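> Okay, sequence plus prediction incoming.
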Amino acid sequence: LEKLYHSTCEKALAFCRTFERTREFHSLCETLSNHLGNLLKATHPLNVVPAGGREHKPKGWDQWTSESIEMHLQTRFRQLEVSDALKLWNEGFRIVEDIYTLMQIPLKQVDGSLARKLPKPRLMAAYYEKLTRIFRVGREGGREGGREGG
């Protein structure tokens, strides 16, 4: 189910980029951010076991795994590329916040300790390149190459 979710996100992002659908892209970004927030709330240690003692988690969700974090990060990196292509700098900044949040999720190791899953170096290089561009455009008042930013 999770792979289908991310595949659908990729197709929606490609649609927004291909047809320069900025309004739909904004809506999609908001939805993806809300989904992430809901997953984080549902898997927070204080929310996992309610007063009744029965574990509550979203249907079809098996907690954060290395693979699930990787898929979320890849989707967010793709989202960041589309925001850059559409020159939607405010959306890009919000996406960067989601990426940072994902990189802070600890994973339980076999020995019981916690560790963080960092993306592949190639993805991190692209992330920092886009991050630099977002901040540069933001510092220049939303202008890049003589065009207004979003």
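Alright, I've got the coordinates. Numbering: from 1, shown residues only.

> make it CA atoms for all contacts and neighbour counts henceforth
Noted.

> pretty sure residue 84 is touching residue 132, no?
No. In this structure, residue 84 is not within contact of residue 132 by Cα atoms under 8 Å, at 11.2 Å.

> Next, the buried residues of the biggest helix by length in the chain.
Ranked by number of residues, the top helix in the chain under DSSP state H is helix 22-43. With burial defined by 16 or more other Cα atoms under 10 Å, the residues of helix 22-43 counted as buried are 22, 25-26, 28-29, 32-33, 36, 39-40, 42-43.

> From the residues you listed, pick the one nearest residue 70.
Nearest to residue 70 among those is residue 36, at 13.4 Å by Cα to Cα.

> So what's the gap between stretch 63-73 and the chain middle?
Computed by Cα atoms, centre = their mean, to the nearest Å, the chain-centroid distance of stretch 63-73 equals 11 Å.

> any residues touching that stretch, and which ones?
2-3, 6, 43, 99, 102, 107, 117, 119 (Cα atoms under 8 Å, 6 or more residues apart in numbering).

> can you tell me which of those are in strands?
Residues of these located in strands (DSSP state E): residue 107.

> need the contacts of stretch 63-73 in CSV with distance to residue 65 and pLDDT, can you?
Formatted as CSV, the contacts of stretch 63-73 follow (distance: Cα to Cα, whole Å; pLDDT from 0 to 100):
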residue, distance to residue 65, pLDDT
2, 11, 88
3, 13, 93
6, 15, 96
43, 12, 74
99, 16, 92
102, 12, 90
107, 7, 72
117, 9, 68
119, 13, 78
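
> any idea of the mean pLDDT for stretch 7-16?
In this model, stretch 7-16 carries a mean pLDDT of 98.

> in it, what's buried?
For stretch 7-16, by 16+ other Cα under 10 Å, it's 9-10, 12-14, 16.

> and if you look at stretch 126-135?
127, 130-131, 133-134.

> send the alpha carbons of it over as CSV?
Presented in CSV, the C-alpha positions along stretch 126-135 are these (Å, rounded to 0.1, in the frame of the first residue of the first chain):
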residue,chain,number,x,y,z
ALA,A,126,20.8,17.5,-4.7
TYR,A,127,19.0,18.5,-1.5
TYR,A,128,21.7,21.0,-0.5
GLU,A,129,21.8,22.4,-4.0
LYS,A,130,18.1,23.1,-4.0
LEU,A,131,18.2,24.4,-0.4
THR,A,132,21.0,26.9,-1.4
ARG,A,133,18.9,28.0,-4.4
ILE,A,134,15.8,28.5,-2.2
PHE,A,135,17.7,30.6,0.3
